[in-house]
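Trainee: how would this look folded up:
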Amino acid sequence: MRIALINTNRIQPPIAPIGLDYVAEALDAAGHEVHMLDLCWEPSWQDAIPRFFSTADFDLIGVTLRNTDDCFAASQHNFLHEFQQMVVTLRKASHAPIIVGGAGFSVMP
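Mentor: Okay, the predicted model is just below:
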């Protein structure tokens with residue numbers, strides 16, 4: 001099975017997607033072909049997602065939602081709208097099932 005794992009966290013400075021790394025390692029050990037797209041390093045996630053999915057067909061997509069907001073009272077920046085747009089873009093790029101996880105998703109499923 002070919003699986004795409006997507007880190008949607010774009011907070012700077014970057015935070016390693018350790019949960020996603022654990023999932024990738026377990027899937028690889030089980031014999032699956034795992035590909036990761038870390039949107040933290042992409043200047044434009046809107047361009048990165050279609051480009052990534054143009055290289056291969058995937059059987060499953062795993063997406064992490066680490067933070068729902070920036071936890072900073074001065075800005076109160078919420079990430080949920082952008083995350084929703086990312087999932088819509090993923091759906092346009094692939095018909096594979098999408099599984100969402102991560103700390104932010106666990107807090108606000």
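Trainee: Can you show me the strands along this protein?
Mentor: 2-7, 33-38, 60-64, 98-101 (DSSP state E).
Trainee: Same list, these, but as a markdown table with mean neighbour count please.
Mentor: From N, CA and C alone the C-beta is placed, and that goes for glycine too. Listed next are those as a markdown table, based on neighbours: other C-beta atoms under 10 Å:
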| stretch | mean neighbour count |
| --- | --- |
| strand 2-7 | 22 |
| strand 33-38 | 17 |
| strand 60-64 | 21 |
| strand 98-101 | 16 |
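Trainee: I'd like those strands written out as CSV, with mean pLDDT and distance to F52 added.
Mentor: Output for those, formatted as CSV (pLDDT from 0 to 100; distance: least, C-beta to C-beta, whole Å):
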stretch, mean pLDDT, distance to F52
strand 2-7, 93, 7
strand 33-38, 95, 5
strand 60-64, 93, 10
strand 98-101, 88, 14
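Trainee: will you turn those strands into JSON lines that also has distance to F53?
Mentor: Below are those laid out as JSON lines (distance: least, C-beta to C-beta, whole Å):
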{"stretch": "strand 2-7", "distance to F53": "7"}
{"stretch": "strand 33-38", "distance to F53": "9"}
{"stretch": "strand 60-64", "distance to F53": "9"}
{"stretch": "strand 98-101", "distance to F53": "12"}
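Trainee: so which of the ones you listed comes closest to E25?
Mentor: Closest to E25 of the strands of the chain is strand 33-38 (C-beta to C-beta; 8.5 Å).
Trainee: Pull up the pairing partners for the closest one, direction included.
Mentor: strand 2-7 (parallel) (DSSP bridges).
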